[in-house]
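Peer 1: structure for the following, please:
(2 chains)
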Amino acid sequence: GAVVSQHPSRVICKSGTSVKIECRSLDFQATTMFWYRQFPKKSLMLMATSNEGSKATYEQGVEKDKFLINHASLTLSTLTVTSAHPEDSSFYICSAQKERVVRNEQFFGPGTRLTVL
Amino acid sequence: GDSVTQMEGPVTLSEEAFLTINCTYTATGYPSLFWYVQYPGEGLQLLLKATKADDKGSNKGFEATYRKETTSFHLEKGSVQVSDSAVYFCALENQGGKLIFGQGTELSVKP
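Peer 2: Below you'll find the predicted structure:
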C-alpha cells in the first residue's frame, strides 16, 4: 500500500500563534506532496505543491508567508500556519506522489482539523 | 477555468437501493476523471478512475463512465450497503497535473 499520515489530527491554538502540521509518507518515498484546504461542505482547494529539496509552488491567492511549506526529505513535508487567526480555522489535507510524474496517483493523509480561538 | 460540479447532498438511501451521484465537469482538453471516497475520520481514497472518453472505471461495485459528449462522470452502484456511507468526491486532473475537486456528496445508507 501507500500510506500517508498527518500529525496532529486536531489542534486548537490561540490567535497569533503558529502551528506546524506534519505530513509523512510511511512506506514510500514521495518526491511531490500537495497541501489542500477543505472548508465545511466545500471542496478541497489546492494550496501548494511541494517538491523535495526545492521551494513550494503556491496557488494564486495563497499567502506564502502565512503558510510556510518545507519538504526537507522524501518522506516528510510540513505546513506551518504563521500568526494564525480564526479565519485560518479549517481542515488541512496533504497528499503524496511516489514519483515526479504528471498524472501519477496521489495518496491522501487523514487530514488535520485546525481551530484558532 | 477547469471545474467540477457534483450533486449536493446529503443523500440518504435504504440498504440495497440504487445509487447515482451526478458529476459534470468543465475542462480544457481531455482530463482524467476520478471518484474519491472519504470515510469518517479517514483520508481520501481513490475509488475509481477513467482516463479517456468512454472508459468505464469500476471498483467495489461502483461504476462511472467517462462521457465526453455530456462532460459527465456519474457514479453508480446497484445495491448500496451501510458500509458505503461516506463522502464522495468527483475530481479531474488538469493538464498541469493538478486535481480539481467537486464539493463532495455525503451519502448515508440506513439499514
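
Peer 1: run a quick neighbour tally on the residue nearest to B:Gly78 when sequence neighbours are not counted.
Peer 2: Using Cβ to Cβ, 6 or more residues apart in numbering or on different chains and skipping residues adjacent in sequence, the residue nearest B:Gly78 is B:Phe18, 5.9 Å away. Where you see a C-beta, it was placed from the backbone N, CA and C, and this is true even at glycine. By the measure other Cβ atoms under 10 Å in any protein chain shown, the count of residues near B:Phe18 is 10.

Peer 1: surely B:Phe18 touches B:Leu75?
Peer 2: No - assessed by Cβ atoms under 8 Å, B:Phe18 is found out of contact with B:Leu75, at 11.6 Å.

Peer 1: coming back round to it: show me what contacts the residue nearest to B:Gly78?
Peer 2: Neighbouring residues of B:Phe18 by Cβ atoms under 8 Å, 6 or more residues apart in numbering or on different chains: B:76-80.

Peer 1: buried ones among these?
Peer 2: B:77, B:80 (16 or more other Cβ atoms under 10 Å in any protein chain shown).

Peer 1: for the contacts of B:Phe18, give me CSV that also has secondary structure, distance to B:Tyr39 and pLDDT.
Peer 2: Listed next are the contacts of B:Phe18 as CSV, based on DSSP: H, G, I helix; E, B strand; the rest coil; distance: Cβ to Cβ, whole Å; pLDDT from 0 to 100:
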residue, secondary structure, distance to B:Tyr39, pLDDT
B:Glu76, strand, 19, 98
B:Lys77, strand, 15, 98
B:Gly78, coil, 20, 97
B:Ser79, coil, 19, 96
B:Val80, coil, 14, 97
